[in-house]
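# My questions are about this predicted structure, shown below with the sequence.
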Amino acid sequence: MTPGSGRLAGRFIALGVTGSISAYKAVELLRLLQAEGADVQVLMSLSAARFAAPLAFEALSRHAVESDVLALLPDGRIGHIVIADAADAVVVAPATAHWMAAMAAGMAGDVITATCLATTAAVVVAPAMDGEMYAHPATRANLARLRDGFGYRIVEPEVGPLASGQVGIGRLAAASAIVDGVVAAVQGRPIRNPDPAARPAAAHPKREADLEGRHIVVTAGGTAEPIDPVRFIGNRSTGRMGVAVAEAALDRGARVTLIAGMTSVALPSAAHLVHAESGAAMRAGLLETLHAADGGAGFDALVMAAAVADFRPAEPSPTKLSRGEALALRLEPTPDILAEVGRLARGLDNAGQPTGRPLWPRPVLVGFAAEAGSLARASGKLEAKGLDLLVANDIAEAGSGFGTDTNRVTIYRPGAEPEAWPLLAKREVADRLLDRVASALDERDAGMQTGGIREESVR
(Lines give C-alpha, C1' and ligand atoms only; values in the text may rest on other atoms or scores of the structure.)
Protein backbone atom coordinates (compact mmCIF):
# COMPACT_ATOMS: atom_id res chain seq x y z
CA MET A 1 0.00 0.00 0.00
CA THR A 2 1.48 3.39 -0.96
CA PRO A 3 2.20 6.07 1.66
CA GLY A 4 -0.85 8.17 2.42
CA SER A 5 -3.24 5.47 1.22
CA GLY A 6 -5.34 3.00 3.17
CA ARG A 7 -8.59 3.14 5.07
CA LEU A 8 -6.87 4.82 8.05
CA ALA A 9 -4.62 7.21 6.12
CA GLY A 10 -3.72 10.22 8.25
CA ARG A 11 -5.39 8.77 11.34
CA PHE A 12 -3.74 8.66 14.76
CA ILE A 13 -4.69 5.43 16.54
CA ALA A 14 -3.90 4.58 20.16
CA LEU A 15 -3.43 0.84 20.67
CA GLY A 16 -3.97 -0.27 24.27
CA VAL A 17 -2.43 -3.61 25.23
CA THR A 18 -3.44 -5.20 28.54
CA GLY A 19 -2.03 -8.15 30.47
CA SER A 20 -3.27 -11.13 28.49
CA ILE A 21 -1.37 -14.05 27.00
CA SER A 22 -2.69 -12.69 23.69
CA ALA A 23 -0.62 -9.51 24.08
CA TYR A 24 1.91 -10.81 21.56
CA LYS A 25 -0.81 -10.73 18.89
CA ALA A 26 -0.97 -6.95 19.24
CA VAL A 27 2.27 -6.73 17.26
CA GLU A 28 0.48 -8.08 14.20
CA LEU A 29 -2.42 -5.73 14.86
CA LEU A 30 0.00 -2.79 14.99
CA ARG A 31 1.42 -3.77 11.60
CA LEU A 32 -2.04 -4.06 10.03
CA LEU A 33 -3.10 -0.68 11.38
CA GLN A 34 0.04 0.84 9.89
CA ALA A 35 -0.61 -0.95 6.59
CA GLU A 36 -3.94 0.88 6.49
CA GLY A 37 -2.08 4.19 6.80
CA ALA A 38 -2.44 4.84 10.55
CA ASP A 39 0.10 6.47 12.84
CA VAL A 40 -0.02 4.19 15.89
CA GLN A 41 0.84 4.97 19.50
CA VAL A 42 1.02 1.97 21.86
CA LEU A 43 -0.21 2.09 25.45
CA MET A 44 0.63 -0.83 27.74
CA SER A 45 -0.51 -1.80 31.20
CA LEU A 46 2.29 -2.86 33.53
CA SER A 47 1.16 -6.49 33.37
CA ALA A 48 1.11 -6.42 29.55
CA ALA A 49 4.85 -5.72 29.54
CA ARG A 50 5.34 -9.16 31.16
CA PHE A 51 3.80 -10.84 28.11
CA ALA A 52 5.19 -8.70 25.27
CA ALA A 53 8.31 -6.56 25.05
CA PRO A 54 7.68 -2.80 24.82
CA LEU A 55 10.79 -2.53 22.65
CA ALA A 56 9.09 -4.45 19.85
CA PHE A 57 6.20 -1.98 19.81
CA GLU A 58 8.55 1.01 19.98
CA ALA A 59 10.68 -0.24 17.11
CA LEU A 60 7.63 -0.78 14.89
CA SER A 61 5.55 2.24 15.88
CA ARG A 62 8.47 4.69 16.22
CA HIS A 63 6.78 6.05 19.32
CA ALA A 64 7.88 5.44 22.89
CA VAL A 65 5.42 3.10 24.60
CA GLU A 66 3.29 4.84 27.23
CA SER A 67 2.89 2.73 30.37
CA ASP A 68 2.91 5.23 33.24
CA VAL A 69 -0.19 7.34 33.81
CA LEU A 70 2.01 9.98 35.49
CA ALA A 71 4.67 10.10 32.77
CA LEU A 72 5.49 13.25 30.84
CA LEU A 73 6.60 13.48 27.24
CA PRO A 74 10.13 14.86 26.67
CA ASP A 75 8.62 18.29 25.97
CA GLY A 76 6.81 18.29 29.34
CA ARG A 77 3.29 17.51 28.13
CA ILE A 78 1.23 14.84 29.93
CA GLY A 79 1.52 11.75 27.73
CA HIS A 80 -1.92 10.18 28.06
CA ILE A 81 -3.68 13.56 27.78
CA VAL A 82 -1.90 14.37 24.52
CA ILE A 83 -2.89 10.96 23.16
CA ALA A 84 -6.48 11.35 24.35
CA ASP A 85 -6.78 14.74 22.65
CA ALA A 86 -5.19 13.66 19.36
CA ALA A 87 -6.35 10.07 18.79
CA ASP A 88 -9.00 9.29 16.22
CA ALA A 89 -9.67 6.00 18.00
CA VAL A 90 -8.46 4.04 20.99
CA VAL A 91 -8.43 0.30 20.38
CA VAL A 92 -7.90 -1.98 23.39
CA ALA A 93 -6.71 -5.38 22.19
CA PRO A 94 -6.43 -7.64 24.02
CA ALA A 95 -8.81 -6.38 26.72
CA THR A 96 -8.78 -8.51 29.87
CA ALA A 97 -11.67 -9.05 32.28
CA HIS A 98 -9.75 -7.01 34.85
CA TRP A 99 -9.33 -4.09 32.47
CA MET A 100 -13.00 -4.13 31.42
CA ALA A 101 -14.09 -4.13 35.08
CA ALA A 102 -11.83 -1.18 35.86
CA MET A 103 -13.03 0.69 32.76
CA ALA A 104 -16.69 0.01 33.53
CA ALA A 105 -16.15 1.44 37.02
CA GLY A 106 -14.25 4.47 35.67
CA MET A 107 -11.07 3.64 37.59
CA ALA A 108 -8.06 5.36 36.01
CA GLY A 109 -5.44 3.07 37.50
CA ASP A 110 -3.47 2.53 34.30
CA VAL A 111 -2.57 4.57 31.25
CA ILE A 112 -5.18 2.86 29.04
CA THR A 113 -8.20 3.52 31.27
CA ALA A 114 -6.93 7.05 31.91
CA THR A 115 -6.71 7.72 28.18
CA CYS A 116 -10.18 6.31 27.53
CA LEU A 117 -11.65 8.46 30.31
CA ALA A 118 -9.96 11.57 28.93
CA THR A 119 -10.88 11.15 25.26
CA THR A 120 -13.92 11.82 23.11
CA ALA A 121 -12.53 9.59 20.36
CA ALA A 122 -14.10 6.32 19.33
CA VAL A 123 -13.10 3.36 21.52
CA VAL A 124 -12.89 -0.19 20.19
CA VAL A 125 -12.58 -3.09 22.65
CA ALA A 126 -11.47 -6.62 21.72
CA PRO A 127 -11.80 -8.91 24.77
CA ALA A 128 -9.59 -11.97 25.32
CA MET A 129 -9.84 -14.36 28.29
CA ASP A 130 -10.85 -17.85 29.34
CA GLY A 131 -14.33 -18.97 28.26
CA GLU A 132 -15.83 -19.32 31.74
CA MET A 133 -14.45 -15.91 32.66
CA TYR A 134 -15.99 -14.36 29.56
CA ALA A 135 -19.33 -15.99 30.35
CA HIS A 136 -19.41 -14.82 33.99
CA PRO A 137 -22.31 -12.44 34.76
CA ALA A 138 -19.89 -9.79 36.06
CA THR A 139 -17.92 -9.80 32.82
CA ARG A 140 -21.08 -9.76 30.72
CA ALA A 141 -22.40 -6.81 32.76
CA ASN A 142 -19.18 -4.87 32.37
CA LEU A 143 -19.11 -5.56 28.64
CA ALA A 144 -22.72 -4.40 28.31
CA ARG A 145 -21.92 -1.17 30.13
CA LEU A 146 -18.97 -0.46 27.84
CA ARG A 147 -21.11 -1.12 24.77
CA ASP A 148 -24.48 0.31 25.77
CA GLY A 149 -23.51 2.87 28.39
CA PHE A 150 -20.26 4.22 26.95
CA GLY A 151 -20.89 3.59 23.26
CA TYR A 152 -17.74 1.51 22.80
CA ARG A 153 -17.56 -0.78 19.77
CA ILE A 154 -16.97 -4.42 20.85
CA VAL A 155 -15.13 -6.85 18.60
CA GLU A 156 -16.33 -10.16 20.00
CA PRO A 157 -13.77 -12.90 20.74
CA GLU A 158 -13.65 -16.10 18.73
CA VAL A 159 -14.17 -19.75 19.62
CA GLY A 160 -10.96 -21.77 19.65
CA PRO A 161 -8.15 -23.19 21.79
CA LEU A 162 -7.51 -21.09 24.91
CA ALA A 163 -4.44 -20.64 27.08
CA SER A 164 -6.02 -22.87 29.73
CA GLY A 165 -5.99 -25.79 27.29
CA GLN A 166 -9.76 -25.73 26.91
CA VAL A 167 -11.65 -24.94 23.73
CA GLY A 168 -14.31 -22.26 23.88
CA ILE A 169 -15.13 -18.61 23.36
CA GLY A 170 -12.61 -16.06 24.58
CA ARG A 171 -9.89 -16.21 21.93
CA LEU A 172 -8.82 -12.75 20.71
CA ALA A 173 -10.50 -11.85 17.42
CA ALA A 174 -8.39 -11.94 14.28
CA ALA A 175 -6.29 -8.80 13.79
CA SER A 176 -8.03 -8.13 10.48
CA ALA A 177 -11.45 -8.16 12.20
CA ILE A 178 -10.21 -5.69 14.82
CA VAL A 179 -8.86 -3.38 12.10
CA ASP A 180 -12.27 -3.57 10.39
CA GLY A 181 -13.82 -2.52 13.71
CA VAL A 182 -11.50 0.48 13.96
CA VAL A 183 -12.27 1.50 10.38
CA ALA A 184 -16.01 1.28 11.05
CA ALA A 185 -15.65 3.32 14.26
CA VAL A 186 -13.97 6.28 12.54
CA GLN A 187 -15.81 6.09 9.23
CA GLY A 188 -17.41 9.41 8.34
CA ARG A 189 -15.56 11.30 11.06
CA PRO A 190 -12.95 13.95 10.18
CA ILE A 191 -9.39 13.46 11.35
CA ARG A 192 -9.40 14.92 14.86
CA ASN A 193 -5.96 16.52 14.88
CA PRO A 194 -3.83 16.16 11.75
CA ASP A 195 -1.00 18.39 13.08
CA PRO A 196 1.98 16.11 13.92
CA ALA A 197 3.06 18.59 16.60
CA ALA A 198 -0.14 17.85 18.52
CA ARG A 199 0.74 14.16 18.71
CA PRO A 200 3.56 12.51 20.68
CA ALA A 201 6.81 12.97 18.77
CA ALA A 202 8.34 9.99 17.03
CA ALA A 203 10.73 8.18 19.36
CA HIS A 204 13.42 8.07 16.72
CA PRO A 205 12.45 9.55 13.37
CA LYS A 206 13.98 7.68 10.47
CA ARG A 207 17.08 9.34 9.05
CA GLU A 208 18.67 8.59 5.71
CA ALA A 209 21.67 6.25 5.59
CA ASP A 210 24.08 9.20 5.46
CA LEU A 211 26.75 7.39 7.49
CA GLU A 212 26.96 4.33 5.26
CA GLY A 213 30.58 3.32 4.81
CA ARG A 214 31.68 5.38 7.82
CA HIS A 215 33.35 3.96 10.93
CA ILE A 216 32.06 5.65 14.07
CA VAL A 217 33.65 4.95 17.45
CA VAL A 218 31.43 5.64 20.48
CA THR A 219 32.28 5.39 24.15
CA ALA A 220 29.54 4.90 26.73
CA GLY A 221 29.04 4.44 30.46
CA GLY A 222 31.12 5.20 33.49
CA THR A 223 34.41 3.73 34.63
CA ALA A 224 35.27 1.79 37.78
CA GLU A 225 38.65 2.68 39.29
CA PRO A 226 39.70 -0.12 41.67
CA ILE A 227 40.35 0.42 45.35
CA ASP A 228 40.96 -3.31 45.77
CA PRO A 229 39.77 -6.40 43.86
CA VAL A 230 36.24 -5.88 45.25
CA ARG A 231 35.67 -2.15 45.66
CA PHE A 232 35.98 0.73 43.25
CA ILE A 233 35.41 4.44 42.72
CA GLY A 234 32.83 5.16 40.04
CA ASN A 235 30.09 7.53 38.96
CA ARG A 236 26.38 7.46 38.18
CA SER A 237 26.61 7.19 34.40
CA THR A 238 24.28 4.52 32.95
CA GLY A 239 25.51 4.64 29.35
CA ARG A 240 22.10 5.67 27.96
CA MET A 241 23.43 8.61 25.96
CA GLY A 242 26.34 6.74 24.40
CA VAL A 243 24.17 3.74 23.54
CA ALA A 244 21.60 6.07 21.93
CA VAL A 245 24.37 7.50 19.73
CA ALA A 246 25.61 4.02 18.80
CA GLU A 247 22.10 2.83 17.90
CA ALA A 248 21.39 5.96 15.87
CA ALA A 249 24.68 5.57 13.97
CA LEU A 250 23.88 1.93 13.20
CA ASP A 251 20.45 2.94 11.90
CA ARG A 252 22.15 5.39 9.55
CA GLY A 253 24.37 2.71 8.03
CA ALA A 254 27.59 3.27 9.98
CA ARG A 255 29.99 0.60 11.15
CA VAL A 256 30.09 1.19 14.89
CA THR A 257 32.66 0.30 17.50
CA LEU A 258 31.18 0.76 20.97
CA ILE A 259 33.70 0.96 23.80
CA ALA A 260 31.54 0.39 26.85
CA GLY A 261 32.42 1.00 30.46
CA MET A 262 30.05 0.35 33.35
CA THR A 263 26.54 0.47 31.88
CA SER A 264 23.03 -0.43 33.01
CA VAL A 265 21.34 -0.51 29.59
CA ALA A 266 21.32 -3.12 26.84
CA LEU A 267 24.14 -2.74 24.32
CA PRO A 268 23.42 -2.99 20.58
CA SER A 269 24.52 -6.37 19.29
CA ALA A 270 25.13 -4.99 15.78
CA ALA A 271 28.02 -2.89 17.06
CA HIS A 272 31.54 -4.19 17.57
CA LEU A 273 31.68 -4.20 21.37
CA VAL A 274 34.81 -3.50 23.39
CA HIS A 275 34.33 -3.83 27.14
CA ALA A 276 36.46 -1.40 29.14
CA GLU A 277 35.46 -1.03 32.77
CA SER A 278 38.36 1.18 33.91
CA GLY A 279 39.68 4.41 32.47
CA ALA A 280 42.95 2.67 31.60
CA ALA A 281 41.09 -0.05 29.70
CA MET A 282 39.03 2.55 27.85
CA ARG A 283 42.19 4.45 26.90
CA ALA A 284 43.76 1.24 25.60
CA GLY A 285 40.64 0.41 23.60
CA LEU A 286 40.57 3.85 22.03
CA LEU A 287 44.26 3.88 21.14
CA GLU A 288 43.84 0.53 19.39
CA THR A 289 41.26 2.10 17.09
CA LEU A 290 43.38 5.11 16.12
CA HIS A 291 45.05 3.64 13.04
CA ALA A 292 43.75 1.41 10.26
CA ALA A 293 45.85 -1.36 8.74
CA ASP A 294 47.07 0.99 5.97
CA GLY A 295 48.28 3.54 8.50
CA GLY A 296 45.42 5.95 7.95
CA ALA A 297 42.86 7.06 10.49
CA GLY A 298 41.09 4.12 12.08
CA PHE A 299 37.73 5.85 12.29
CA ASP A 300 35.82 8.70 10.70
CA ALA A 301 34.41 10.09 13.92
CA LEU A 302 34.75 9.59 17.66
CA VAL A 303 31.85 10.38 19.97
CA MET A 304 33.23 10.34 23.51
CA ALA A 305 30.01 10.03 25.53
CA ALA A 306 31.56 7.97 28.35
CA ALA A 307 31.91 9.50 31.80
CA VAL A 308 35.51 8.58 32.56
CA ALA A 309 36.40 9.03 36.23
CA ASP A 310 38.55 12.11 36.83
CA PHE A 311 40.36 10.50 39.77
CA ARG A 312 41.53 7.01 40.74
CA PRO A 313 43.17 5.49 43.81
CA ALA A 314 46.90 6.08 43.53
CA GLU A 315 47.78 2.75 45.17
CA PRO A 316 45.02 0.16 44.72
CA SER A 317 45.38 -2.83 47.01
CA PRO A 318 46.10 -6.18 45.33
CA THR A 319 44.06 -7.92 48.05
CA LYS A 320 40.71 -7.14 49.60
CA LEU A 321 41.03 -4.57 52.35
CA SER A 322 39.75 -5.56 55.79
CA ARG A 323 37.03 -3.57 57.50
CA GLY A 324 38.52 -0.97 59.82
CA GLU A 325 37.58 2.14 61.67
CA ALA A 326 38.59 4.40 58.82
CA LEU A 327 40.11 4.21 55.38
CA ALA A 328 42.12 7.00 53.80
CA LEU A 329 42.50 6.97 50.03
CA ARG A 330 45.04 9.02 48.11
CA LEU A 331 43.62 9.85 44.70
CA GLU A 332 45.46 10.86 41.57
CA PRO A 333 44.03 12.41 38.41
CA THR A 334 43.34 10.06 35.53
CA PRO A 335 44.72 10.81 32.04
CA ASP A 336 42.46 12.96 29.85
CA ILE A 337 41.79 10.37 27.16
CA LEU A 338 39.94 12.65 24.77
CA ALA A 339 42.58 15.38 24.98
CA GLU A 340 45.23 12.75 24.22
CA VAL A 341 43.30 11.50 21.18
CA GLY A 342 42.84 15.10 20.06
CA ARG A 343 46.60 15.69 20.20
CA LEU A 344 47.41 12.45 18.40
CA ALA A 345 44.85 13.26 15.72
CA ARG A 346 46.76 16.50 15.07
CA GLY A 347 50.21 14.94 15.46
CA LEU A 348 51.09 16.93 18.60
CA ASP A 349 52.87 16.05 21.82
CA ASN A 350 51.79 16.95 25.36
CA ALA A 351 53.22 20.43 24.95
CA GLY A 352 51.38 21.00 21.69
CA GLN A 353 54.45 20.63 19.51
CA PRO A 354 54.40 18.68 16.21
CA THR A 355 56.11 15.34 16.72
CA GLY A 356 54.35 12.89 14.44
CA ARG A 357 52.08 12.43 11.47
CA PRO A 358 48.48 13.53 12.05
CA LEU A 359 45.62 11.13 11.46
CA TRP A 360 44.50 11.17 7.85
CA PRO A 361 41.77 11.72 6.86
CA ARG A 362 41.22 13.96 9.86
CA PRO A 363 38.46 12.38 12.00
CA VAL A 364 35.63 14.37 13.54
CA LEU A 365 36.00 14.48 17.33
CA VAL A 366 32.99 14.96 19.60
CA GLY A 367 33.21 15.31 23.35
CA PHE A 368 30.66 15.40 26.15
CA ALA A 369 30.88 17.55 29.27
CA ALA A 370 28.60 16.89 32.25
CA GLU A 371 28.66 20.05 34.36
CA ALA A 372 26.80 20.93 37.56
CA GLY A 373 25.18 24.33 37.95
CA SER A 374 26.94 26.12 35.09
CA LEU A 375 28.32 25.51 31.60
CA ALA A 376 30.94 28.24 31.96
CA ARG A 377 33.85 25.80 31.53
CA ALA A 378 32.50 24.12 28.40
CA SER A 379 33.99 26.44 25.75
CA GLY A 380 37.43 26.08 27.34
CA LYS A 381 37.21 22.30 27.11
CA LEU A 382 36.33 22.53 23.42
CA GLU A 383 39.56 24.38 22.66
CA ALA A 384 41.80 22.54 25.12
CA LYS A 385 40.88 19.12 23.74
CA GLY A 386 40.98 20.10 20.08
CA LEU A 387 37.38 19.07 19.42
CA ASP A 388 35.05 19.72 16.51
CA LEU A 389 31.95 19.54 18.71
CA LEU A 390 31.34 19.58 22.44
CA VAL A 391 27.99 18.53 23.93
CA ALA A 392 27.52 20.03 27.38
CA ASN A 393 24.70 19.48 29.85
CA ASP A 394 23.91 20.55 33.38
CA ILE A 395 23.28 17.41 35.41
CA ALA A 396 21.66 19.49 38.15
CA GLU A 397 18.80 20.38 35.80
CA ALA A 398 15.68 18.23 35.90
CA GLY A 399 15.63 15.71 33.05
CA SER A 400 19.32 16.15 32.24
CA GLY A 401 21.02 14.04 34.87
CA PHE A 402 22.38 10.52 34.83
CA GLY A 403 19.87 7.73 34.26
CA THR A 404 17.19 9.86 32.57
CA ASP A 405 15.71 9.18 29.14
CA THR A 406 16.01 12.87 28.25
CA ASN A 407 18.73 15.47 28.03
CA ARG A 408 18.98 19.23 27.57
CA VAL A 409 22.28 20.01 25.91
CA THR A 410 24.20 22.96 24.52
CA ILE A 411 26.40 22.46 21.45
CA TYR A 412 29.77 24.20 21.21
CA ARG A 413 31.74 24.53 17.97
CA PRO A 414 34.95 26.44 17.22
CA GLY A 415 34.20 29.97 16.09
CA ALA A 416 30.44 29.69 16.63
CA GLU A 417 28.01 30.81 19.30
CA PRO A 418 26.81 28.07 21.68
CA GLU A 419 23.56 26.47 20.52
CA ALA A 420 21.12 25.49 23.27
CA TRP A 421 18.76 22.64 22.41
CA PRO A 422 15.44 22.07 24.21
CA LEU A 423 14.79 19.10 26.47
CA LEU A 424 14.76 16.10 24.13
CA ALA A 425 14.74 12.33 24.28
CA LYS A 426 18.33 11.09 24.26
CA ARG A 427 17.71 9.32 20.96
CA GLU A 428 16.66 12.64 19.42
CA VAL A 429 19.80 14.29 20.84
CA ALA A 430 21.82 11.48 19.26
CA ASP A 431 20.19 11.92 15.85
CA ARG A 432 20.61 15.68 15.87
CA LEU A 433 24.23 15.28 16.89
CA LEU A 434 24.87 12.78 14.11
CA ASP A 435 23.30 15.23 11.64
CA ARG A 436 26.21 17.53 12.53
CA VAL A 437 28.77 14.73 12.34
CA ALA A 438 27.51 13.58 8.93
CA SER A 439 27.60 17.15 7.63
CA ALA A 440 31.15 17.68 8.94
CA LEU A 441 32.34 14.47 7.29
CA ASP A 442 30.75 15.47 3.98
CA GLU A 443 32.50 18.85 4.16
CA ARG A 444 35.80 17.14 4.97
CA ASP A 445 35.50 14.79 2.01
CA ALA A 446 34.43 17.58 -0.34
CA GLY A 447 37.49 19.58 0.68
CA MET A 448 39.75 16.61 -0.03
CA GLN A 449 38.24 16.09 -3.48
CA THR A 450 38.57 19.74 -4.48
CA GLY A 451 42.11 20.04 -3.18
CA GLY A 452 41.12 22.32 -0.34
CA ILE A 453 42.62 19.82 2.11
CA ARG A 454 45.70 17.88 1.22
CA GLU A 455 47.46 15.21 3.21
CA GLU A 456 50.77 17.04 2.78
CA SER A 457 49.30 20.14 4.41
CA VAL A 458 48.71 18.32 7.69
CA ARG A 459 51.95 16.42 7.91
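Right, received. Where do you want to start?
# Surely G151 is within a strand?
No - using DSSP: H, G, I helix; E, B strand; the rest coil, the assignment for G151 is coil, not a strand.
# Chain neighbours aside, what residue packs nearest to it?
V123 (7.8 Å; CB to CB, 6 or more residues apart in numbering). Placement of C-beta: from N, CA and C, glycine included.
# Contacts only, for that neighbour.
By CB atoms under 8 Å, 6 or more residues apart in numbering, the contact set of V123 is A89, V90, V91, V92, C116, L146, F150, G151, Y152, R153, A185.
# just the buried members of the residues you listed?
Among the contacts of V123, the ones that count as buried by 16 or more other CB atoms under 10 Å are A89, V90, V91, V92, C116, L146, Y152, R153, A185.
# can you list the residues you listed in CSV and add distance to D442, secondary structure and pLDDT?
Below are those laid out as CSV (distance: CB to CB, whole Å; DSSP: H, G, I helix; E, B strand; the rest coil; pLDDT from 0 to 100):
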residue, distance to D442, secondary structure, pLDDT
A89, 43, strand, 97
V90, 44, strand, 98
V91, 43, strand, 98
V92, 47, strand, 98
C116, 48, helix, 97
L146, 55, helix, 98
Y152, 52, coil, 98
R153, 51, strand, 97
A185, 47, helix, 97
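# Just flag the most distant two among those.
A89 and L146 (14.5 Å; CB to CB).
# does the residue nearest to G151 count as helix, strand or coil?
strand.
# need the helices for the stretch 301-450 of the chain, in chain order.
Taking DSSP state H, counting those that start in this stretch as the criterion, the stretch 301-450 of the chain carries its helices at 337-346, 378-384, 426-450.
# which secondary structure elements does the longest one contact?
Secondary-structure packing of helix 426-450 (3 or more CB pairs under 8 Å, 6 or more residues apart in numbering; DSSP states H and E): helix 240-251, strand 301-304, strand 364-371, strand 389-394, strand 406-407, strand 409-412.
# Now with 7 Å, please.
Helices and strands touching helix 426-450, by 3 or more CB pairs under 7 Å, 6 or more residues apart in numbering; DSSP states H and E, are helix 240-251, strand 364-371, strand 406-407.
# Repeat that for the shortest one.
For helix 378-384, the elements it packs on are strand 364-371, strand 389-394, strand 409-412, judged by 3+ CB pairs under 7 Å, 6+ apart.
# Return the set of residues that bridge with the residue nearest to G151.
Beta-bridge pairing of V123 under DSSP bridges involves V90.
# and it, how far is that from T18?
Between V123 and T18 the computed distance is 13 Å (CB to CB, to the nearest Å).
# Ok, M448 next?
Applying CB to CB, the value for M448 to T18 is 57 Å.
# who has more neighbours, those two?
Per other CB atoms under 10 Å, whichever of M448 and T18 has more neighbours is T18, with 30 against 15.
# buried residues in stretch 260-270?
Within stretch 260-270, the residues that count as buried by 16+ other CB under 10 Å are A260, G261, M262, T263, V265, L267, P268.
# nope, stretch 103-112 is what I was after
By neighbour count on 16+ other CB under 10 Å, the buried set for stretch 103-112 is M103, A104, A108, D110, V111, I112.
# how about the residues you listed, which pair is most distant?
A104 and V111 (17.4 Å).
# so where is the protein shaky, pLDDT-wise?
Residues of the chain meeting the criterion pLDDT under 70: 1-5, 203-206, 450-459.
# Relative to A396, how far out is the closest residue to L321 other than its chain neighbours?
Of all residues not flanking L321 in the chain, D228 sits nearest, at 4.9 Å (CB to CB, 6+ apart). The gap separating D228 from A396 is 32 Å, by CB to CB.
# same question, P418
With CB to CB as the criterion, P418 and A396 are 18 Å apart.
# Same question for L46.
Using CB to CB, L46 is found at 31 Å from A396.
# domains of this protein?
Domains of the chain are assigned by automatic domain parsing as 12-198, 215-458.
# Please identify the buried residues of stretch 299-317?
299-309, 312-313, 316.
# what's the answer for stretch 77-97, then?
Neighbour-count burial for stretch 77-97, with 16+ other CB under 10 Å as criterion, is recorded at 78-80, 82-97.
# So what touches the host helix or strand of R140?
Using DSSP states H and E, R140 sits in helix 137-144. Residues outside helix 137-144 that contact it (CB atoms under 7 Å, 6 or more residues apart in numbering) are A97, M100, A101, A104, P127, M133, I154.
# Summarise which helices and strands the helix or strand where L55 lies is packed against.
In the assignment (DSSP H and E), L55 maps to helix 54-61. Packing partners of helix 54-61 (3+ CB pairs under 7 Å, 6+ apart): helix 26-35, strand 39-44.
# Buried deepest among the ones you listed, which one?
Comparing the helices and strands packed on helix 54-61 by mean neighbour count (mean count of other CB atoms under 10 Å), strand 39-44 ranks first with a mean of 25.
# between the buried residues of stretch 103-112, which is nearest E288?
V111 (46.1 Å).
# Run through the residues that contact the closest one.
By CB under 7 Å, 6+ apart, the contact set of V111 is L43, E66, S67, D68, V69, H80.
# Just the ones in helices from those, please.
Mapping those onto helices (DSSP state H) picks out H80.
# Hmm, V429 is touching N407, no?
Yes - with contact defined as CB atoms under 7 Å, V429 reaches N407; the gap is 5.1 Å.
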